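Asks: Coordinates only, no sequence provided:
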């Protein structure tokens, strides 16, 4: 987790939007969804997992260091200004950090808020207290059973649905398979489901098309048309394939970084 | 010209054979196909003077009317003839803020060189090569800054630092305005930086031209996506800008409506070129941004961008690069010089061919492209012969990478966030042709965001027109 001084962006950003980051002169541009923001202090919070060279480079920065380029706020905000009724907000892993400000906005708009916070194990669960504070009902799940429900976020979601609970909107952010199965879980009952996609981007402003995704048979750009889409319409398998496009090159970059800086991953 | 070829009679004055332009030295095609250094090497001083000496110094020169930014061509060529190279550069800079760029990427053959009177019988005077020579000379020898008028107290926001924005900013600063350019990327230049490759337009030249503008007072704010961090309305109402110029370009890449466009090794030319040019993917892993290039690359499209993508693919190590274009050679929208350079370097052309499907494997990688052969029919709305598919002529092209270079649509961010800004059904911004003003008072626009994808120089012409429009708007009211 990192708190960045970016007063101009903090002044106007809304939950669900993202920033493009380039850490240094040789760095790549990559998107991170805005975790939280403080308009008074002029700060943006970003939460990320060190999964490759660029996030390791970002993670190597300490207090007072500068990020060379920090562009935003990009993408469309989450539709949080509306009262739906009951909203289930689901975060998987780092996704919880993105879900938190959106969930809070849903709550502030007068919705009954249920949160499901999932991770592989207890130590990877984020924003536990914060989620609890803003939720009318909160659940935690871990793949290994070290905390909360032993299972996936969909385990809890299926239970809620089979209990016949009225759910008006599901909002899910996390790894692609998680968002895919959440969308599958809500499809039968036609519960509106929003997912926030983490496509590969180069510019983040609609110019390159690297982030294109198939939504209901139509080509959409995650950066300008999203990042949130109807989960029932998204072709998750295609998205997965496109996210894996540079695995080989990512491994080369990561290996080089680890050799030069020692293993941090 | 038939009289020239026949035997002349004794009475007729002997005329020398038509002359050609002094050739410009170029890198060897085989060598340059493997590097990113500039292809054309530019004139020496002797070559420039030799070429300039041919100029007829016409009483009514036609060349100037062919220049969208009104360069005093006759005068600057005269100065070259007198070996006053620095003065020649300053003469150009009076009306053209970016001569080193124009000298390289302008289609002179359809502009200043087309109406050249000397060119009626000979190859026209090589205006572009001469412009390039003096601009490079001035940069190398440290050009003095022009005298600027006193500040007039008005400030203008220019959105986008591409050719339209830079020209507009340069003209306004010379009129005494405070000018701030807002650029979405971390580097200035727009298409000059992310689009046009290093081997055609070295980035240090773009940087130098922009630095010149900064030295005469233009301020550039990077990483500012207008419409997101600030809106046009906020710039005018809250931040105190007296006028805004929108030069945001034709940002959004078009794809074909055929299956397979979302495969992993299908790229828009924008993505491919941005990775390579702006993010320097050709130096991966020194630079972190990678680019995937296969052995057999198909580039769909026949414009300058398609040529750039094809030639870049070769330089990245592709064994075979094929331009796939649905019309014939005569209709290729690219400059002849670009087509010629691409061919020299080994790019192949599959003309009268249109893709119908890109085929992928289970990992989403391209393993082939189905195409159909085309024939030309009657001219369509654009005046070009309409390509018609030949039934039953489908075949599969063996490729592993596809680059789509079939044009761009306007970026929607500003129109979406600027109420009252009228756009056409194609998403381009509607302007008054004379002043460049949009339907919002004080908001002007020019370049690809108005015309759809066009050339660097037409965008510069639009920037110039808008600067004049802004000046009139502010001081004639």
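Replies: Yes, it's here. All values reported here derive from a predicted model rather than from experimental measurement. Residues are numbered from 1 along each chain as shown, chains lettered A, B, ... in the order given.

Asks: Poorly predicted segments of the chain, please.
Replies: Using chain A here. Scanning chain A with the threshold set as pLDDT under 70 gives A:263-265.

Asks: oops, chain B please
Replies: Within chain B, the stretches with pLDDT under 70 are B:1-12, B:477.

Asks: Go again with 80.
Replies: Residue ranges of chain B with pLDDT under 80: B:1-14, B:251, B:382, B:477.

Asks: Looking at it, which helix is longest?
Replies: helix B:456-475 (DSSP state H).

Asks: Report the buried residues of that one.
Replies: Residues B:456-471, B:473-474 are the ones in helix B:456-475 that count as buried (16 or more other Cβ atoms under 10 Å in any protein chain shown). All C-beta spots, glycine's among them, are computed from the backbone N, C-alpha and C.

Asks: From what I see, residue B:208 and residue B:139 are in contact.
Replies: Yes - between residue B:208 and residue B:139 there is a contact under Cβ atoms under 8 Å: 5.3 Å.

Asks: what sits in contact with each of the two?
Replies: Shared contacts of residue B:208 and residue B:139, defined by Cβ atoms under 8 Å, 6 or more residues apart in numbering or on different chains, are found at residue B:100.

Asks: ok, how many other residues are close to residue 93?
Replies: As the question left the chain open, I've gone with chain A. Using other Cβ atoms under 10 Å in any protein chain shown, residue A:93 has 19 neighbouring residues.

Asks: um, chain B though
Replies: Neighbourhood size, residue B:93 [other Cβ under 10 Å]: 23.

Asks: can you pull the contacts of it?
Replies: By Cβ under 8 Å, 6+ apart, the contact list for residue B:93 reads B:99, B:143, B:146.

Asks: 10 Å instead?
Replies: B:71, B:76, B:99, B:134-135, B:138, B:143, B:146, B:170, B:174, B:209, B:212, B:216 (Cβ atoms under 10 Å, 6 or more residues apart in numbering or on different chains).

Asks: And for residue B:315?
Replies: Residue B:315 neighbours (Cβ under 10 Å, 6+ apart): B:32-37, B:197-199, B:276, B:282, B:293, B:321, B:345.

Asks: State the distance from it to residue B:296.
Replies: Here residue B:315 is placed at a distance of 16 Å from residue B:296 (Cβ to Cβ, to the nearest Å).

Asks: now do residue B:237
Replies: From residue B:237 across to residue B:296, the span is 54 Å (Cβ to Cβ).

Asks: more crowded one of those two?
Replies: Between residue B:237 and residue B:296, counting by other Cβ under 10 Å, residue B:296 is the more crowded of the two (19 against 10).

Asks: Backbone torsions only: list them for the more buried one.
Replies: Per-residue torsions, residue B:296: phi -120, psi 110 (degrees, to the nearest 10).

Asks: and what of residue B:378?
Replies: Per degrees, to the nearest 10, the backbone of residue B:378 is at phi -70, psi 150.

Asks: Distance check, it against chain A.
Replies: 31 Å (Cβ to the nearest Cβ, to the nearest Å).

Asks: ok, that residue - contacts?
Replies: Applying Cβ under 10 Å, 6+ apart, the residues near residue B:378 are B:385-386, B:388.

Asks: try it again with 6 Å
Replies: residue B:386 (Cβ atoms under 6 Å, 6 or more residues apart in numbering or on different chains).

Asks: From the contact counts, what lies against the longest helix of chain B?
Replies: Judged by 3 or more Cβ pairs under 6 Å, 6 or more residues apart in numbering or on different chains; DSSP states H and E, helix B:456-475 is in contact with helix B:163-174, strand B:443-445.

Asks: which one of those lies closest to chain A?
Replies: Nearest of the helices and strands packed on helix B:456-475 to chain A, taken as Cβ to the nearest Cβ: helix B:163-174 at 15.2 Å.

Asks: What about residue A:166, how many residues nearby?
Replies: 9.

Asks: Kindly report the same for residue B:422.
Replies: Around residue B:422 there are 11 other residues, counting by other Cβ under 10 Å.

Asks: what do you get for residue B:286?
Replies: 9.
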